[in-house]
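>>> need coordinates for the below:
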Amino acid sequence: MNVLVIGANGQIGQQLVANIAKKTKHTPFAMIRDEKQRGHLEALGAEIIIGDLLEDFSFAYNNMDAVIFTAGSGGKGGPELTKKIDQEAAIKAATIAQEKGIQRFILVSTIHSGESDKVPEALAYYMEAKGIADQAVLASDLAYTIVRPGTLTDDGATNKFATFTNEGNNAITRADVASFLTAILFKENTYRKILTIRNGELSLSDYLLNM
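Next up, the predicted model:
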């Protein structure tokens, strides 16, 4: 299967591309904007597609079997860029998948998506943009999974998972998010669901069995 990874040069995206290439029989296609990123991602095992989220990127979907959207501003680009990437580009990515007949679509969102009242005021616009994108995917006919990780860290993989709660430590490593995305890629019991994840006590296989 061919898997398009949008946001492939991000910290999660790079690890995701490597996982798909090394741990599955699928082929990762990394959509990147800058030709300078090609060599690194090819070394991770990706085929390269040059495309810009702020322009037409529908051509990137040709011959794809699944799409993972893990691009994002991280709330650091200000309201305008956040709206363009985290909201409008995410919605466009799902819309193109429907138009191209690609059913499998995974959207990496965030905890408190659409809940601007639960975060500092400075991040309210970020949660609003994420929430609007999530709702668009929920309203689609796609075989979607919306993944909402907790606070992201750069620690090494723990390979231990739990569902998000409002108590205790809800952090999760980016490496574990990438592993999770790889594991659910074509796992049908994750289709048409919102999954919140954090680091916890369960192995990945046990977490998926106990969803």
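>>> residue ranges of the helices in the chain, please?
11-23, 38-43, 78-82, 90-100, 124-138, 174-183, 204-209 (DSSP state H).
>>> low-scoring pLDDT stretches of the chain, where are they?
75, 166-168 (pLDDT under 70).
>>> coming back round to it: quick one, which of the helices of the chain gets closest to T110.
helix 124-138 (5.6 Å; CB to CB). In this view, the C-beta of every residue, glycine as well, is placed from N, C-alpha and C.
>>> next one: whichever strand in the chain runs longest to chain centre, how far?
When the chain is parsed with DSSP state E, its longest strand is strand 193-203. Mean-position distance between strand 193-203 and its chain equals 15 Å (CA atoms, centre = their mean, to the nearest Å).
>>> kindly reformat the helices of the chain as a markdown table containing distance to I68 and mean neighbour count.
Formatted as a markdown table, these follow (distance: least, CB to CB, whole Å; neighbours: other CB atoms under 10 Å):
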| stretch | distance to I68 | mean neighbour count |
| --- | --- | --- |
| helix 11-23 | 7 | 22 |
| helix 38-43 | 14 | 14 |
| helix 78-82 | 20 | 14 |
| helix 90-100 | 9 | 20 |
| helix 124-138 | 12 | 21 |
| helix 174-183 | 6 | 22 |
| helix 204-209 | 17 | 14 |
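>>> rewinding a little: partners of the longest strand of the chain in the sheet?
If you go by DSSP bridges, strand 193-203 pairs up with strand 143-149 (parallel), strand 160-162 (antiparallel).
>>> turn those strands into CSV, columns for mean neighbour count.
Formatted as CSV, those follow (neighbours: other CB atoms under 10 Å):
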stretch, mean neighbour count
strand 143-149, 21
strand 160-162, 20
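>>> adding distance to L202, write those out as a markdown table.
Shown next, in a markdown table, are those (distance: least, CB to CB, whole Å):
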| stretch | distance to L202 |
| --- | --- |
| strand 143-149 | 15 |
| strand 160-162 | 5 |
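>>> nearest to Q14, out of those strands?
Among the strands paired with strand 193-203, strand 143-149 sits nearest to Q14 (CB to CB), with 15.9 Å.
>>> alpha carbons of that closest one, as PDB, please.
C-alpha atoms of strand 143-149 as PDB (Å, rounded to 0.1, in the frame of the first residue of the first chain):
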ATOM      1  CA  ALA A 143     -12.600   5.800   7.100                       C
ATOM      2  CA  TYR A 144     -10.900   8.300   9.400                       C
ATOM      3  CA  THR A 145      -9.200   8.200  12.700                       C
ATOM      4  CA  ILE A 146      -8.600  11.400  14.600                       C
ATOM      5  CA  VAL A 147      -5.700  11.000  17.000                       C
ATOM      6  CA  ARG A 148      -5.500  13.400  19.900                       C
ATOM      7  CA  PRO A 149      -2.100  13.100  21.700                       C
END
